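**Student:** this is a predicted model, with the sequence first.
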Amino acid sequence: MLSKVWAKILGVSSSELEKEGEEVAIEEGKVSPQKLAVKDKKSKKKKIDSEKEEWFLEEEGRLTIDLYEKDDFLMVESAMAGVKSSDLEINIEPDILRIKGRRTRSADKEKNYFYQECFWGNFSRTVVLPKPVKPEKAKALIDNGILTISLPKKEKGEEKLEVDNRQ
């Protein structure tokens, strides 16, 4: 069961998770073993395309969120100071929420920092939702640097699958 959850979070098939001793790159929910050096059984490394591997080496921050229930909605809130809506990507499935983005600032190399604690660059967060939601009815809003996502919960009985009768 846990492997199915991880497969869904990572956007890979369960069989890809079962591969032992291989490293698999995951980009935009697609498994891309050719983009990462994979050791074969003889411990020889395949060549890596350096241009395509940059995304893998770039540091990524972890987004902090608050997730709570309010009436018929699951609500997500997160601080987004300095993030443009064009630099934000939100993907919603009935049981998974993915938020990716980038916080940028102008490069000023001449500053003599005493503390540099603010995170700048790519960030992401994937959350398994505690209750199924209706992705097509979700709404997101950034107000005063706070991202708020309202996810309408599915009602009991909405999850039933209709079966066609072919004769």
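**Tutor:** Perfect, thanks for sending it.
**Student:** for this structure, which element, helix or strand, carries the lowest mean pLDDT?
**Tutor:** Using mean pLDDT, DSSP states H and E, the weakest-scoring helix or strand in the chain turns out to be strand 30-31, at a mean of 44.
**Student:** so, low pLDDT: which residues of the protein?
**Tutor:** Counting by pLDDT under 70, the ranges of the chain that qualify are 1-7, 9-11, 13-58, 157-162, 167.
**Student:** show me the domain layout of it.
**Tutor:** Domains of the chain are assigned by automatic domain parsing as 2-57, 60-106+118-152.
**Student:** where do the strands sit along this protein?
**Tutor:** Secondary structure of the chain (DSSP state E): strands at 26-27, 30-31, 60-62, 66-70, 73-79, 88-92, 96-103, 121-128, 139-143, 146-152.
**Student:** would a markdown table of those strands with distance to Tyr113 and mean neighbour count be doable?
**Tutor:** Backbone N, C-alpha and C define where each C-beta goes, glycine included. Formatted as a markdown table, the strands of the chain follow (distance: least, C-beta to C-beta, whole Å; neighbours: other C-beta atoms under 10 Å):
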| stretch | distance to Tyr113 | mean neighbour count |
| --- | --- | --- |
| strand 26-27 | 32 | 14 |
| strand 30-31 | 38 | 14 |
| strand 60-62 | 18 | 13 |
| strand 66-70 | 30 | 11 |
| strand 73-79 | 21 | 18 |
| strand 88-92 | 27 | 16 |
| strand 96-103 | 17 | 19 |
| strand 121-128 | 16 | 15 |
| strand 139-143 | 28 | 12 |
| strand 146-152 | 27 | 18 |
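**Student:** switch those over to a markdown table; also include distance to Val12.
**Tutor:** Formatted as a markdown table, the strands of the chain follow (distance: least, C-beta to C-beta, whole Å):
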| stretch | distance to Val12 |
| --- | --- |
| strand 26-27 | 6 |
| strand 30-31 | 5 |
| strand 60-62 | 18 |
| strand 66-70 | 24 |
| strand 73-79 | 24 |
| strand 88-92 | 15 |
| strand 96-103 | 13 |
| strand 121-128 | 13 |
| strand 139-143 | 26 |
| strand 146-152 | 24 |
